[in-house]
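Novice: model the structure of this input:
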Amino acid sequence: MGFLHLFIVNKSGGLILHRPLGPAAPRIGTNEMLRIGSTFHSLHAIAAEASPVKLPGNKNSFGADDGIEQIEGGGMILKCLQTRTGIKFVITAEPGTPDLDALLREIYVLYTDCALKDPFYELEMPIRCELFTNAVDHLIERVEMGGLKSR
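Specialist: Okay, here's the model as predicted:
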């Protein structure tokens, strides 16, 4: 079990936050991080348009708009939570890492509590809020120590 990276992508496809979450996380350069964020945003949009299946609770009446929720590869799992405002919270982890959905929801709560309430933060811009990054670090430590429990 181990978390690798956290990406937060705005509704335009711009990467607004990237954080390696553990020692097993591969080193990624700045250009590659930006490329990963915009590429995932594009693939997410294409998957939403190409999907012929209307998922339950879908707000789009003529097709799927949920896009990619999970990708499993040889050595990692990618999990995505898209908010109603279009921001995507993407986490990569080693196979077998539990509670990725709950973790993404908790990170979204931290984003709303810390970053959005920061008077100097502008929507759609990179997140430079120390309170948010410290809260994410603390959440990851708490999950690695004993699982995700309510605060």
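
Novice: which residues of the chain fall in helices?
Specialist: In the chain, the helices defined using DSSP state H lie at 30-50, 100-110, 130-146.

Novice: from Glu130, how far out is the nearest residue to Lys11 once chain neighbours are set aside?
Specialist: Of all residues not flanking Lys11 in the chain, Gly86 sits nearest, at 3.0 Å (C-beta to C-beta, 6 or more residues apart in numbering). Where C-beta positions appear, they are placed from N, C-alpha and C, glycine not excepted. Separation of Gly86 from Glu130 (C-beta to C-beta, to the nearest Å): 25 Å.

Novice: likewise Tyr108?
Specialist: Applying C-beta to C-beta to Tyr108 and Glu130 gives a distance of 19 Å.

Novice: for Thr39, same thing?
Specialist: From Thr39 to Glu130 the distance is 29 Å (C-beta to C-beta).

Novice: now do the buried residues in stretch 101-111.
Specialist: Using 16 or more other C-beta atoms under 10 Å as the test for burial, stretch 101-111 gives Leu103, Leu104, Glu106, Ile107, Leu110, Tyr111.

Novice: just name the shakiest helix or strand of the chain by mean pLDDT.
Specialist: Here the helix or strand of the chain ranked lowest by mean pLDDT, DSSP states H and E is helix 30-50, holding a mean of 86.

Novice: tell me what that helix is packed against?
Specialist: Packing partners of helix 30-50 (3 or more C-beta pairs under 8 Å, 6 or more residues apart in numbering; DSSP states H and E): strand 3-9, strand 15-20, strand 77-82, strand 88-93.

Novice: pipe those into a markdown table and attach mean neighbour count, distance to Asp66 and mean pLDDT per row.
Specialist: Listed next are the helices and strands packed on helix 30-50 as a markdown table, based on neighbours: other C-beta atoms under 10 Å; distance: least, C-beta to C-beta, whole Å; pLDDT from 0 to 100:
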| stretch | mean neighbour count | distance to Asp66 | mean pLDDT |
| --- | --- | --- | --- |
| strand 3-9 | 22 | 15 | 93 |
| strand 15-20 | 19 | 21 | 92 |
| strand 77-82 | 19 | 7 | 92 |
| strand 88-93 | 23 | 11 | 93 |
